[in-house]
Structures are given as structure tokens and as C-alpha cells.
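Engineer: Structure of the sequence below:
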Amino acid sequence: MADLSINCAGIKSPNPFWVASGPPANTGYQAERAFDAGWGGVVWKTIGDPIVNVSSRYSALNLGTTRMVGFNNIELISDRSPETNFREIAEVKKRWPNHAVIASLMVETREQWHEFVKRSADAGADGIELNFGCPHGMCERGMGSAVGQRPEVAEKIVSWVMEVATIPVLTKLTPNITDVVYAGRAAKRAGSNGISLINTINSITQVNLDNFCPEPFVAGKSSHGGYCGPAVKPIALNMVQNCAADPEVQLPISGIGGISNWRDAAEFIALGSTSVQVCTAIMHYGFRIVEDMAEGLSDYLDSKGMKSVNELIGKAVPTLQKWETLDLHYKRIASINYDKCIGCNLCYIACEDGAHQAIALIPPNGHGLGPGRVPGKPIPEIKEHECVGCNLCSLVCPVDDCITMVSVDTKRAKMSWSDYQAKVSRGEMKPIPAHP
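Structural biologist: The predicted structure is shown next:
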């Protein structure tokens with residue numbers, strides 16, 4: 001069985017699964033429930049000067065019968081006193097000494113940062129996360145994403161924290177920025193021990209068409225909120241990889257954003273994360289989801305012959321390159337397994353109307369009947385010479401592994417766009433004419 005224990009920027013935990021700062025990490029009671037379920041760490045709901053929250057606070061984007069594909073909130077940081085939060089951190093840490101407890105902080109002045117950093121350490125926290133990401137409410141007060149969107153300001157505040165920090169510091173980055181790498185570099189320059197990303201994305205998930213006010217609304221008014229959940233995973237993966245690959249960042253990463261199962265976690269780790277944080281999936285399904293996540297990740301590592309989760313960290317990072325380096329002569333085409341085809345012909349419709357007209361409808365002609373196929377009904381057939389390998393048919397097909405993409409030998413030497421441009425400039429090739 002693979003070893004799932006990690007050390008993220010000096011913060012040790014028995015596995016990489018941390019409860020993210022948010023509603024599931026609001027109290028000592030919840031932290032202990034999380035640890036009892038099997039979570040390796042808890043990032044406490046952000047502590048600062050207590051605020052007053054509004055009612056209501058959440059809304060969601062649903063897709064068909066799938067609930068909460070995307071989740072929106074206008075809830076702010078902890079509305080509980082710092083005294084209560086730090087007391088409960090100390091109590092939890094005393095009962096669970098081998099699990100990670102990280103204090104998330106958000107205050108304004110240098111003096112306040114010094115005070116809260118010291119109080120976190122005195123309470124026994126294993127580390128600190130600086131919340132530079134909250135995109136609503138707190139940013140109007142000059143905190144949260146108002147800091148994270150300005151690398152020079154973030155760098156200054158991190159430097160204040162590092163003046164007194166005696167435990168590891170993670171700087172939480174906002175995705176509401178043109179290029180997150182600049183914020184990561186700022187954190188590195190200021191001495192941060194690691195970074196965590198992403199925080200929530202500015203969003204409006206839906207409009208109530210009875211009162212014409214976006215959800216959630218408060219007395220007929222609404223506000224933009226923070227977007228999270230499975231829908232933000234692709235954005236989070238991209239930003240995590242950007243920071244992991246940047247030679248000027250090179251910090252341990254705690255990955256956040258739409259992680260719901262072991263596969264999501266493995267992808268984040270492969271793109272450079274050491275720990276992974278989960279919030280929305282817990283709010284949807286509860287703390288017990290970590291059991292399947294830990295078992296699934298362990299089984300996956302075993303199947304790959306990896307002894308430790310550390311062997312997976314960053315394994316996919318080098319495969320992400322600029323488009324101009326990709327081989328223009330490499331080709332994949334679609335292949336249909338007719339024993340699985342159900343005859344919906346969605347692949348044909350998608351290719352004919354939305355892609356490259358590389359699928360025909362033909363009589364069955366002896367093809368085996370897949371489950372649910374109507375005898376005599378036309379079936380899809382790939383026009384191999386016209387297929388450009390766009391993948392659309394395999395993506396819309398409702399049956400797993402019915403349409404797969406297979407590599408074909410073009411018998412042409414590797415050539416990237418950069419190679420092509422260089423050959424044209426040297427007169428070795430003529431420019432490729434446009435399609436008629």
C-alpha cells in the first residue's frame with residue numbers, strides 16, 4: 001500500500017486531503033468530525049475581525065439532474081470571535097496532534113498581521129494560510145482579492161507576516177487576475193513557504209426571473225459571489241500548473257478547486273500540488289467522501305508502482321508546453337466499438353453540425369447490434385481520411401469506451417509550428433496555403 005503522508009511546505013499530515021477554509025471548517029466540532037472521518041488536515045475558516053453575514057448566501061448552477069455543478073456564495077469570513085477560534089484550534093490540535101491544523105487569516109494592518117500570526121502559533125497551529133483571494137465583501141474593505149490582484153501589495157503583506165512567523169506560511173492566491181504567476185512570484189520574493197490556489201471566482205450563477213434579481217438575494221438586492229465546485233476544476237488545474245512550471249515560483253502548492261474524488265486529487269497532484277483542499281464536495285456529500293478518496297488514490301498509486309504520493313507530485317507538469325511546440329504531423333482518429341453502440345447517432349449529429357463532417361450514416365451491413373440498437377436503423381461510420389481527430393464524437397458519446405481515439409502513423413517526420421516557421425524563414429519550405 002502506497003504511503004499517503006505528505007509534507008507541504010513544512011506542514012505534515014497523514015494524507016494529502018485537507019478540508020479547505022470555508023463553512024465545513026468553521027468550528028472545532030467540524031474539524032474533529034473531519035479528522036475522525038479520515039481527513040489529513042483542516043484549514044480553519046478565515047479568522048479576522050468578526051463580520052456580520054447576510055441571509056441568504058448560496059446559489060448553484062445545476063446541469064440536468066446533476067446538482068451543484070457550480071456553487072456560488074456571498075458568505076464572508078468567520079463571524080466568530082478570534083478568541084473562540086484560537087481556543088478551539090488549540091483544543092483540536094491537542095486531541096489530534098498528528099493531523100494538520102492551519103489557521104487562515106485576513107486582517108488589515110501590519111500590527112494586526114503580527115498579532116494574529118503570533119496567536120496562531122501560540123494556539124498550536126501547524127501553519128498559516130493568508131487569505132488573499134475572497135472576491136466579495138472583504139475586497140470592498142481592502143482585503144481578500146483586493147490584495148491578491150495587486151502582487152506588489154501581496155508581497156508587502158507577506159513580508160510583514162514573515163517578520164514574525166515561526167510556523168510555515170501558505171499564501172492563498174486569487175484566480176481573479178490576468179496571470180496568477182505574478183502573484184505567485186510576489187509570494188516567493190516575500191519569503192512565503194508555499195502557495196495555495198485557487199480561491200473562488202467572481203460569478204453570477206443565475207437570475208431569478210420572477211423578481212429579476214440574481215440568486216442569492218437579500219431584500220431584493222444581490223451581489224457578485226465566489227464561484228467554486230466541479231465547474232472551476234479546469235481553471236484551477238491550469239493555474240496550479242502555471243505556478244508549478246514557472247521557474248521563479250518553485251514553491252510547494254496546496255491545490256484547490258472542484259476536487260470531488262480521488263481522480264481529481266490525483267490530477268492536481270500530478271500538476272504540482274502536494275496537498276489538495278476540498279470544500280464544495282463536503283458541503284454536498286459530507287466528510288465521509290474522504291474514505292473513497294484516500295482508498296482510490298492509494299489503489300491508483302499501487303497500480304502505477306508508486307510507493308508514495310510524493311512520486312506523483314508534478315509528474316504531468318513537463319508535458320504542458322506552448323502550442324507552437326506540438327507536432328503538426330501527429331494524428332489521431334476516432335474508432336467505434338459497435339458492440340457498445342446504442343444507436344443514438346449523437347456522434348453523427350455533433351460532427352455533422354458542430355465539427356468536420358467526418359461521420360457518415362450507413363446501413364448496418366453486418367455490424368453487430370449493440371445494446372438498445374434498433375435493427376435496420378442507420379449506424380455511424382468514421383470517414384477515416386476526413387477525420388481530423390478533434391475528439392468531439394468521443395466526448396459527446398454517452399457510452400464509455402464506445403468511441404475511442406487511436407493514433408495513426410502519418411509516416412511524416414515530427415514538425416512543430418516553430419519548426420515550420422524556421423524552415424519557411426530559411427527558404428526550405430513554402431508557406432502552407434489556406435484551405436479553400
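Engineer: so what are the domain limits for the chain?
Structural biologist: Listed by automatic domain parsing, the domain ranges of the chain are 6-319, 323-422.
Engineer: Which residues does stretch 409-422 contact?
Structural biologist: W323, E324, T325, L326, D327, L328, H329, Y330, K331, M429, I432 (CB atoms under 8 Å, 6 or more residues apart in numbering). For every residue, glycine as well, the C-beta is placed using N, CA and C.
Engineer: and if we set it to 7 Å?
Structural biologist: Defining contact as CB atoms under 7 Å, 6 or more residues apart in numbering, one finds that stretch 409-422 is touched by E324, T325, L326, D327, L328, H329, K331, M429.
Engineer: again, but for stretch 283-296
Structural biologist: 4, 15, 17, 23-24, 33-34, 37-39, 68, 261-262, 265, 281-282.
Engineer: Could you identify the pair within those that is furthest apart?
Structural biologist: Using CB to CB, the contacts of stretch 283-296 span at most 27.1 Å, a distance reached by L4 and M68.
Engineer: Neighbour count: the two, which is higher?
Structural biologist: M68 (22 against 19; other CB atoms under 10 Å).
Engineer: After the host helix or strand of the more buried one, which helix or strand is next?
Structural biologist: Counting by DSSP states H and E, the secondary-structure element that holds M68 is strand 66-73. Next helix or strand after strand 66-73 toward the C-terminus (DSSP H and E): helix 82-95.
Engineer: other SSEs contacting that following helix?
Structural biologist: helix 28-37, strand 100-105 (3 or more CB pairs under 7 Å, 6 or more residues apart in numbering; DSSP states H and E).
Engineer: If we use 10 Å, what do you get?
Structural biologist: When contacts are defined as 3 or more CB pairs under 10 Å, 6 or more residues apart in numbering; DSSP states H and E, helix 82-95 sits against helix 28-37, strand 100-105, helix 110-122.
Engineer: For the first one, list every residue counted as buried.
Structural biologist: Of the residues in helix 28-37, those scored as buried under the neighbour-count criterion (16 or more other CB atoms under 10 Å) are G28, Q30, A31, E32, R33, A34, F35, A37.
Engineer: Same check on stretch 275-291?
Structural biologist: Of the residues in stretch 275-291, those buried by neighbour count under the rule 16+ other CB under 10 Å are S275, V276, Q277, V278, C279, T280, A281, I282, M283, F287, I289, V290.
Engineer: would you list the domains of the chain in a markdown table and tack on mean pLDDT?
Structural biologist: As requested, these are arranged in a markdown table below (pLDDT from 0 to 100):
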| stretch | mean pLDDT |
| --- | --- |
| domain 6-319 | 93 |
| domain 323-422 | 91 |
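Engineer: Buried deepest among the ones you listed, which one?
Structural biologist: The highest mean neighbour count among the domains of the chain belongs to domain 6-319 (a mean of 20), with neighbours defined as mean count of other CB atoms under 10 Å.
Engineer: For stretch 52-61, list the C-alpha coordinates in CSV.
Structural biologist: What follows is stretch 52-61, C-alpha atoms only, in CSV (Å, rounded to 0.1, in the frame of the first residue of the first chain):
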residue,chain,number,x,y,z
VAL,A,52,-21.9,40.1,10.1
ASN,A,53,-23.1,37.7,7.3
VAL,A,54,-26.3,38.1,5.3
SER,A,55,-29.2,35.8,4.6
SER,A,56,-29.4,34.2,2.0
ARG,A,57,-25.8,33.2,1.0
TYR,A,58,-25.6,30.4,-1.6
SER,A,59,-26.8,29.6,-5.1
ALA,A,60,-25.8,26.9,-7.6
LEU,A,61,-25.6,26.0,-11.2
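Engineer: Pull the contacting residues for D49.
Structural biologist: Contact criterion CB atoms under 10 Å, 6 or more residues apart in numbering gives I77, S78, S81, P82, M106, V107, E108, Q112, F116, R141, M143 as the residues in contact with D49.
Engineer: of all those residues, which comes closest to S56?
Structural biologist: I77 (17.8 Å).
Engineer: Relative to T404, how far out is the residue nearest to Q277 when sequence neighbours are not counted?
Structural biologist: For Q277, ignoring the flanking residues on the chain, the nearest one in space by CB to CB, 6 or more residues apart in numbering is A20 at 3.6 Å. Noted for A20: a distance of 35 Å to T404, by CB to CB, to the nearest Å.
Engineer: what's the answer for K221, then?
Structural biologist: Going from K221 to T404 by CB to CB gives 50 Å.
Engineer: Can you list the residue ranges for helices in this protein?
Structural biologist: Using DSSP state H, the helices assigned to the chain run over residues 28-37, 82-95, 110-122, 145-148, 151-164, 180-189, 233-245, 262-270, 280-285, 289-303, 346-354, 392-396, 417-425.
Engineer: And those helices: which comes nearest S203?
Structural biologist: Evaluated with CB to CB, these place helix 233-245 nearest to S203, the distance being 11.3 Å.
Engineer: quick revisit: quick one: which of the contacts of stretch 283-296 is nearest G48?
Structural biologist: Distance ranking of the contacts of stretch 283-296 against G48, using CB to CB, places P23 first at 16.0 Å.
Engineer: Give me the distance between the residue lying closest to the closest one once chain neighbours are set aside and M429.
Structural biologist: For P23, the nearest residue in space outside its immediate sequence neighbours is M283; the separation is 6.2 Å by CB to CB, 6+ apart. With distances taken as CB to CB, M283 is found 56 Å from M429.
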